[in-house]
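A.B. asks: 3D model of this:
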Amino acid sequence: MDAYHARYPFLDAARDAVANADVDLSSLVRTDNAVVERGRERVIRALTEGTVESERRVSSRTELLSYPVARMLVSVLETPGAVEKYAAIEAATAHTRISEEVTTRTDRRTDRSFSLETVLAELGLDDDVQQLDRRNRRETAAYRISVDRYLQFVPEEDGWSLVQRELADGSVSVSQSELLELLRKAIEARVLDGLPFDVPPEIAEPLRPAVREIRTQLVGVEHPDAIDRFEPDAFPDCIATLLRRAGEEPLDQVERFTLITFLSGVGQSPETIPEICGIDDEQFLYASQRLAGQAIPFSPPSFDTMRAHGVCEGDHPDYDHPLEAYVAALPAVSEDTE
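C.D. replies: Residues are numbered from 1 along each chain as shown. Alright, predicted model coming up:
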């Protein structure tokens, strides 16, 4: 079990590493608190913060084994939309890691074991993707991908229609960033495969305390289902500060997740969110589509989670969640505008 397996636990090589280690999952969930805790953190951060990255240093073994534990936890959780959100965030985290690897010079890569060709082969895409020679090395690397695979993983967003693509000999021309986006969808499908599943009682029972903790954390992200007014003057101070900063400086991952999901929660679409924030950065546009463009949108984090990450420094004794505070402030905003 090495760093490569830990960073990409959904790949066959990682599964083989677990199998070769002869790990008994029933014994693991009873005796290895570090692995169960990391699995719990993995699920909570995926569902509330838009990442599965840990906030602390963990061993490659713990990181790798936390993945099957997380899959068991999200299966036992039985919360609507949790499986889909978890898979989307596992894929998004992997997409970020792969993007960093392929855009970093070989001698400075985070993981020297990594190669895009290996990931494509592990996902069964090596025969469907071909890198094209580039005459101008300053240009983005170009690839061709088979039409069948392209259609299988194409995002449901503008700009991906086949009529807008160069099509020849049964394959579609894509840029490197587009290939990585298709790869994200392929990884999401890999993570989703088999989820949820029936967890044997001898494994599910020791996981019950972790499941209860996850459900307790998710209570903080419950918010009013219908918000039909958009009033920036009713935003909590921490959200208003994020919105102001978004147009002036880059936001970190948690800040970006918080702002996008809050704006989605108050009824804004993936198209209007970047306009409201005054941002046309490609990464922010992509995040808006991923977080706000789903049938089951992501919930903003609670005030407690925001405070834990330094996103919110104020006290909100009457409310657990920023959308609750927003709804409560709407009547006062209405009176001020009359």
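
A.B. asks: and the residue nearest the centre of this protein?
C.D. replies: Ile89 (2.3 Å; CA atoms, centre = their mean).

A.B. asks: how close does that one sit to Val191?
C.D. replies: As judged by CB to CB, to the nearest Å, Ile89 and Val191 stand 9 Å apart. All C-beta spots, glycine's among them, are computed from the backbone N, C-alpha and C.

A.B. asks: please apply the same query to Ala234.
C.D. replies: From Ala234 over to Val191 the distance is 37 Å, taken as CB to CB.

A.B. asks: ok, Asp22 next?
C.D. replies: In terms of CB to CB, Asp22 sits 24 Å off from Val191.

A.B. asks: if you count surrounding residues, which of the two has more?
C.D. replies: Legend: neighbour count by other CB atoms under 10 Å for Asp22 and Val191, higher for Val191 (22 against 6).

A.B. asks: how close does that one get to Met306?
C.D. replies: For Val191 relative to Met306 (CB to CB), the value is 27 Å.

A.B. asks: for Ser60, same thing?
C.D. replies: Distance, Ser60 to Met306, using CB to CB: 31 Å.

A.B. asks: so for those two, which sits in the more crowded spot?
C.D. replies: Set Ser60 next to Met306 and count neighbours by other CB under 10 Å: Met306 wins out with 27 against 15.

A.B. asks: ok, for the more buried one, nearest residue in space, not its chain neighbours?
C.D. replies: Excluding the flanking residues, the one nearest Met306 by CB to CB, 6 or more residues apart in numbering is Cys312, at 3.8 Å.

A.B. asks: what number of residues lie near the one you found?
C.D. replies: Neighbours of Cys312 (other CB under 10 Å): 23.

A.B. asks: hang on, isn't it packed against Pro301?
C.D. replies: No - using CB atoms under 8 Å, Cys312 makes no contact with Pro301, being 9.1 Å away.

A.B. asks: got the buried residues for the helix or strand where Glu188 lies?
C.D. replies: Using DSSP states H and E, Glu188 maps to helix 176-192. Across helix 176-192, burial judged by 16 or more other CB atoms under 10 Å covers 176, 178-188, 190-192.

A.B. asks: who's in contact with that helix?
C.D. replies: Helix 176-192 is contacted from outside by 10, 83-84, 86-88, 90-92, 94-95, 98-99, 102, 119-120, 123, 125, 129, 140-143, 145, 149-150, 152-155, 174, 282, 286, using CB atoms under 8 Å, 6 or more residues apart in numbering.

A.B. asks: identify the farthest-apart pair in the buried residues of helix 176-192.
C.D. replies: Gln176 and Leu192 (24.7 Å; CB to CB).

A.B. asks: and the chain, what are its domains?
C.D. replies: Residue ranges for the domains of the chain, per automatic domain parsing: 3-192, 232-337.

A.B. asks: now the strands for the protein?
C.D. replies: Per DSSP state E, the chain carries strands over the ranges 129-131, 142-146, 167-168, 171-175.

A.B. asks: among these, show me which one is buried the most.
C.D. replies: Comparing those by mean neighbour count (mean count of other CB atoms under 10 Å), strand 142-146 ranks first with a mean of 20.

A.B. asks: quickly run through the sheet partners of it, with directions.
C.D. replies: Note on strand 142-146: by DSSP bridges, its sheet partners are strand 129-131 (antiparallel), strand 171-175 (antiparallel).

A.B. asks: so which residues make contact with the longest one?
C.D. replies: The contact list for strand 171-175 (CB under 8 Å, 6+ apart) reads 130, 132, 140-147, 150, 162, 165-167, 182.
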